[in-house]
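Peer 1: Next comes the sequence, and after it the predicted model I'd like to discuss.
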Amino acid sequence: SSRIIGLLMDPQDPAIFYAAVEQHPDPAHPEDDRSGVYWSRDGGRTFTALRDGLPGRVLELLLDPKNPRKLYAATEENGVYTFTRP
């Protein structure tokens, strides 16, 4: 099962969204974990992984106020990850 933990919109481009997704894989196939950070350039109709298979649940997403292409994901157990979208 999957659920969206956080959702952000790029303040400079309202068609761009970021989502933190938590997925609980089948215990028999932990490699299928697709938890991570995804982004959309079409207003949320489709999403592409910035990073999937992220260890630990994402607690919060933040955009860099000086560079909205830079995103921070705070995780429950593994600190903060930084992403830059293409």
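Peer 2: Nice, I can see it. The structure presented is a predicted model; accordingly, all values stated were derived computationally and were not measured. Numbering: from 1, shown residues only.

Peer 1: List the contacts of the lowest-mean-pLDDT helix or strand in the chain.
Peer 2: Ranked by mean pLDDT, DSSP states H and E, the helix or strand of the chain with the weakest confidence is strand 48-52, at a mean of 83. Contact with strand 48-52 is made by 18, 33-40, 71, 73, 81, 83, 85, as judged by Cβ atoms under 8 Å, 6 or more residues apart in numbering. The way it works is simple: take the backbone N, C-alpha and C, and place the C-beta from them, glycine included.

Peer 1: 6 Å instead, please
Peer 2: With contacts defined as Cβ atoms under 6 Å, 6 or more residues apart in numbering, strand 48-52 is touched by 34, 36, 37, 38, 39, 83.

Peer 1: The residues you listed in strands, which ones?
Peer 2: 36, 37, 38, 39, 83 (DSSP state E).

Peer 1: Now do the strand or helix carrying residue 61: which elements does it pack against?
Peer 2: Using DSSP states H and E, residue 61 maps to strand 58-64. Secondary-structure packing of strand 58-64 (3 or more Cβ pairs under 6 Å, 6 or more residues apart in numbering; DSSP states H and E): strand 2-10, strand 13-23, strand 67-75.

Peer 1: Export those strands as a markdown table, with columns for mean neighbour count and distance to residue 59.
Peer 2: Shown next, in a markdown table, are the helices and strands packed on strand 58-64 (neighbours: other Cβ atoms under 10 Å; distance: least, Cβ to Cβ, whole Å):
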| stretch | mean neighbour count | distance to residue 59 |
| --- | --- | --- |
| strand 2-10 | 15 | 7 |
| strand 13-23 | 17 | 8 |
| strand 67-75 | 17 | 5 |
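
Peer 1: Which one, of those strands, ends up nearest to residue 56?
Peer 2: Among these, strand 67-75 comes nearest to residue 56, with 3.9 Å by Cβ to Cβ.
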